[in-house]
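**Q** build me a model:
(chains A and B)
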2 protein chains.
Amino acid sequence: MADSSSVSGSGNAFNLDTVRDSLIRQEDTIIFNLIERARFPLNSPLYDQNSGLVPGFSGSLVHFIVKETEAVQAKAGRYENPEENPFFPDGLPSPIMPTTKYPKILYPAAVSINMSKTIWDMYFNQLLPLFVDKGDDGNYASTAASDLDCLQAISRRIHYGKYVAEVKFRESPKEYEPAILAQDKNALMKLLTFEKVEEMVKKRVEKKALVFGREVSLDTNFTSEKCKVDPSVVSRLYDEWIMPLTKQVQVQYLLRRLD
Amino acid sequence: MADSSSVSGSGNAFNLDTVRDSLIRQEDTIIFNLIERARFPLNSPLYDQNSGLVPGFSGSLVHFIVKETEAVQAKAGRYENPEENPFFPDGLPSPIMPTTKYPKILYPAAVSINMSKTIWDMYFNQLLPLFVDKGDDGNYASTAASDLDCLQAISRRIHYGKYVAEVKFRESPKEYEPAILAQDKNALMKLLTFEKVEEMVKKRVEKKALVFGREVSLDTNFTSEKCKVDPSVVSRLYDEWIMPLTKQVQVQYLLRRLD
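**A** Model prediction:
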């Protein structure tokens, strides 16, 4: 059953409801991916910039794997969809075939906003150590594939701020125009901040992490409250990184919305 | 929190309990991946053998994407782990770096058993149409990445039959030796079939699909019983394909266990 996880699919409506549905659906994707990453321990050699593990390549092994995997996906047209933002856009190959014409929803002057570098650093330096065990089981390729799934889901959610900003602007342009014309970031941030909603999102993702991360058994409803990923880490991920970075994307987008 | 999803990680014990824990944990992975694949409609051009979408490549687009992605993962050593079986082993590149020495648990004469072709055909021809919507949203690269996640999770689960057979054989070799010496497939299949356990697994995965696939909201426990993937499809996947194919792997493994 395909759900409203995308506004860029052909025939999907673009309004506040479809954008909200997509944001909620993306929470599940992010949490599933974190739970899957937690199957592996940290596997730190994967992230060592100076490991020299990859002959002729100066970055970490995870950098190499993500870059090569993005190249495969680029050939198949992944990044033609404006919802998708590569982590390593330089030198990405072109699609090898005719690709989908996605509806042009975003404002052209603001479409290129990109937080990939910030997301990459946040994920590896701050988030990852909070929810995986220390240790090294040697499964580097599988671990990196799982990291990429997490990164793509989080990046998609944060860059979705462009769609959030666009739909809000279209629904009430008069509300945003003065702050945009004044290029007033603080005023825009204030217009985009709804503390009650943010509290609700944090509680909901915490609950989802509990529901998806507990062991489901037939005997009782739940055998234990032990979760594969600590629900409070997911709440913190939204509180400290996903929601603030999404709002930064929205502010940057709106600043260019009348260019 | 790393869990017992692997017996090949260094330091993990190999016994009936760890194998059972891994099988149960792998259910979650399979169901998460099916739910994620259901975000996209069928996207049938991806599977067209004669689409000619990829210049100079004679198979389908999904074949191309899976083959290229497996090549990236092979370079990083994924298939050095005997739990992992590529779909397109021909011409796979060697690891570009020193890889983990996985413990040699499996019996060498039986380690090469491979059902990838059967799994590939089952997934695309039988399973996929049961749980995705008809339609085409053009997101072929993302859909193919999601197909690969499903395929890898299902393949890993089915090929895990080798570990199941090995642990059962080690625990009571006398029970299996007569049938192995007689190369009696039917007798082995009978020894490996526990209808009560299979019924329980089917019920458990159906429950997991319900728990993971429902919309989680804060208001009530669950707003609706509508699931992202029909739980009866997951039960059927286990009943008709995963459990029978795993038993086939076990039988084939045991037939070679005294070579």
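**Q** next SSE downstream of the longest helix along chain A?
**A** Longest helix in chain A by number of residues (criterion: DSSP state H): helix A:16-37. Per DSSP states H and E, the first helix or strand lying C-terminal to helix A:16-37 is helix A:61-75.
**Q** give the next helix or strand downstream of that following helix.
**A** Following helix A:61-75 in sequence, per DSSP H and E, is helix A:116-122.
**Q** so who does the closest residue to residue A:68 other than its chain neighbours touch?
**A** Closest residue in space to residue A:68, ignoring its immediate chain neighbours: residue B:72 at 4.3 Å, by CB to CB, 6 or more residues apart in numbering or on different chains. C-betas here are computed from N, CA, C, even on glycine. By CB atoms under 8 Å, 6 or more residues apart in numbering or on different chains, the contact list for residue B:72 reads A:65, A:68-69, A:72.
**Q** any chance of the residues you listed in TSV with distance to residue B:169 and pLDDT as columns?
**A** TSV is the format used below for the contacts of residue B:72 (distance: CB to CB, whole Å; pLDDT from 0 to 100):
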residue	distance to residue B:169	pLDDT
A:65	36	96
A:68	39	97
A:69	38	98
A:72	40	97
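**Q** which members of these define the maximum pairwise distance?
**A** A:65 and A:72 (10.9 Å; CB to CB).
**Q** most surrounded residue in the contacts of residue B:72?
**A** Among those, residue A:65 has the most neighbours (other CB atoms under 10 Å in any protein chain shown), with 24 neighbours.
**Q** what are the phi and psi angles of the closest residue to that residue other than its chain neighbours?
**A** Excluding its sequence neighbours, the residue lying closest to residue A:65 (CB to CB, 6+ apart) is residue A:144, at 4.1 Å. Torsion angles at residue A:144 (phi, psi; degrees, to the nearest 10) stand at phi -70, psi -40.
**Q** and the contacts of the helix or strand where residue A:246 lies?
**A** According to DSSP H and E, residue A:246 maps onto helix A:243-255. Residues outside helix A:243-255 that contact it (CB under 8 Å, 6+ apart) are A:107, A:110, A:113, A:115, A:118-119, A:122, A:157-162, A:164-166, A:168-169, A:176, A:179-180, A:183, A:185, A:188-189, A:192-193, A:198, A:201.
**Q** residue A:25: how many residues sit nearby?
**A** 16.
**Q** the one 4 residues further on too?
**A** Other residues near residue A:29 come to 21 when the count uses other CB under 10 Å.
**Q** now residue A:98
**A** 8.
**Q** tell me the secondary structure at the residue of the stretch 101-250 of chain A found nearest chain B.
**A** For the stretch 101-250 of chain A, the residue closest to chain B is residue A:138, as judged by CB to the nearest CB, at 2.8 Å. With DSSP: H, G, I helix; E, B strand; the rest coil as the basis, residue A:138 sits in coil.
**Q** relative to residue B:98, how far out is it?
**A** For residue A:138, the distance to residue B:98 (CB to CB, to the nearest Å) stands at 10 Å.
**Q** is it true that the residue of the stretch 101-250 of chain A closest to chain B touches residue B:100?
**A** Yes - counting by CB atoms under 8 Å, residue B:100 is a contact partner of residue A:138 at 2.8 Å.
**Q** which of the two has more residues huddled nearby?
**A** Legend: neighbour count by other CB under 10 Å for residue A:138 and residue B:100, higher for residue A:138 (22 against 19).
**Q** now the more buried one: how far from residue A:184?
**A** From residue A:138 to residue A:184 the distance is 52 Å (CB to CB).
**Q** tell me which element the residue lying closest to residue A:40 once chain neighbours are set aside is part of?
**A** Closest residue to residue A:40 apart from its sequence neighbours, by CB to CB, 6+ apart: residue A:143 at 4.4 Å. Applying DSSP H and E as the criterion places residue A:143 in helix A:140-159.
**Q** against which helices or strands is that helix packed?
**A** helix A:16-37, helix A:61-75, helix A:116-122, helix A:243-255, helix B:61-75 (3 or more CB pairs under 8 Å, 6 or more residues apart in numbering or on different chains; DSSP states H and E).
**Q** residue B:31 is nearest to which of those helices?
**A** Across the helices and strands packed on helix A:140-159 (criterion: CB to CB), the nearest stretch is helix A:16-37, sitting at 9.2 Å.
**Q** what's the closest one packed up against?
**A** Against helix A:16-37 (3+ CB pairs under 8 Å, 6+ apart) you get helix A:128-131, helix A:140-159, helix A:161-171, helix A:195-213, helix A:231-236, helix B:16-37.
**Q** ranking the ones you listed by burial, who's on top?
**A** Burial of the helices and strands packed on helix A:16-37 is given as mean neighbour count (mean count of other CB atoms under 10 Å in any protein chain shown); helix A:140-159 ranks first at a mean of 23.
**Q** could you export the helices and strands packed on helix A:16-37 as a markdown table, including mean pLDDT and distance to residue A:59?
**A** Below are these laid out as a markdown table (pLDDT from 0 to 100; distance: least, CB to CB, whole Å):
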| stretch | mean pLDDT | distance to residue A:59 |
| --- | --- | --- |
| helix A:128-131 | 98 | 17 |
| helix A:140-159 | 98 | 12 |
| helix A:161-171 | 97 | 28 |
| helix A:195-213 | 97 | 31 |
| helix A:231-236 | 98 | 27 |
| helix B:16-37 | 97 | 28 |
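**Q** columns distance to residue A:77 on top of those, output as CSV?
**A** Putting those into CSV (distance: least, CB to CB, whole Å) gives the following:
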stretch, distance to residue A:77
helix A:128-131, 29
helix A:140-159, 15
helix A:161-171, 20
helix A:195-213, 30
helix A:231-236, 31
helix B:16-37, 18
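**Q** re the thing from before, as JSON lines, the contacts of residue B:72 with distance to residue B:251 would be great.
**A** JSON lines is the format used below for the contacts of residue B:72 (distance: CB to CB, whole Å):
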{"residue": "A:65", "distance to residue B:251": "36"}
{"residue": "A:68", "distance to residue B:251": "38"}
{"residue": "A:69", "distance to residue B:251": "36"}
{"residue": "A:72", "distance to residue B:251": "36"}
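**Q** what about stretch A:41-49, how long is it end to end?
**A** In stretch A:41-49, first residue to last residue: 19 Å (CA to CA, to the nearest Å).
**Q** does chain B sit close to that stretch?
**A** Yes - Stretch A:41-49 reaches chain B (CB under 8 Å from any CB of the partner chain) through residue A:41.
**Q** checking my notes, residue A:257 in a helix, right?
**A** No - the assignment for residue A:257 by three-state DSSP gives coil, which leaves it out of any helix.
**Q** the helix holding residue A:143 vs helix B:140-159, what angle?
**A** 140 degrees (axes from the mean of the first three to the mean of the last three CA atoms, to 10 degrees).
**Q** pLDDT below threshold where in the stretch 1-150 of chain A?
**A** For the stretch 1-150 of chain A, applying pLDDT under 70 flags the ranges A:1-12.
**Q** which non-adjacent residue is nearest residue A:232?
**A** With CB to CB, 6+ apart as the criterion, residue A:232 has its nearest non-adjacent residue at 6.7 Å, and that residue is residue A:206.
**Q** same deal with residue A:15?
**A** Of all residues beyond its chain neighbours, the one nearest residue A:15 is residue A:167 (6.4 Å), with distances taken as CB to CB, 6+ apart.
**Q** and residue A:47, by the same measure?
**A** Residue A:47's closest residue in space is residue A:60 (CB to CB, 6+ apart), at 5.3 Å.
**Q** tell me the contacts of the one you found?
**A** Counting by CB under 8 Å, 6+ apart, residue A:60 has contacts A:46-49, A:51, A:53.
**Q** apply 6 Å and report the result again.
**A** Going by CB atoms under 6 Å, 6 or more residues apart in numbering or on different chains, residue A:60 touches A:47-49.
**Q** the residues you listed into TSV, with extra columns for neighbour count and distance to residue A:217?
**A** Formatted as TSV, the contacts of residue A:60 follow (neighbours: other CB atoms under 10 Å in any protein chain shown; distance: CB to CB, whole Å):
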residue	neighbour count	distance to residue A:217
A:47	19	35
A:48	13	39
A:49	10	43
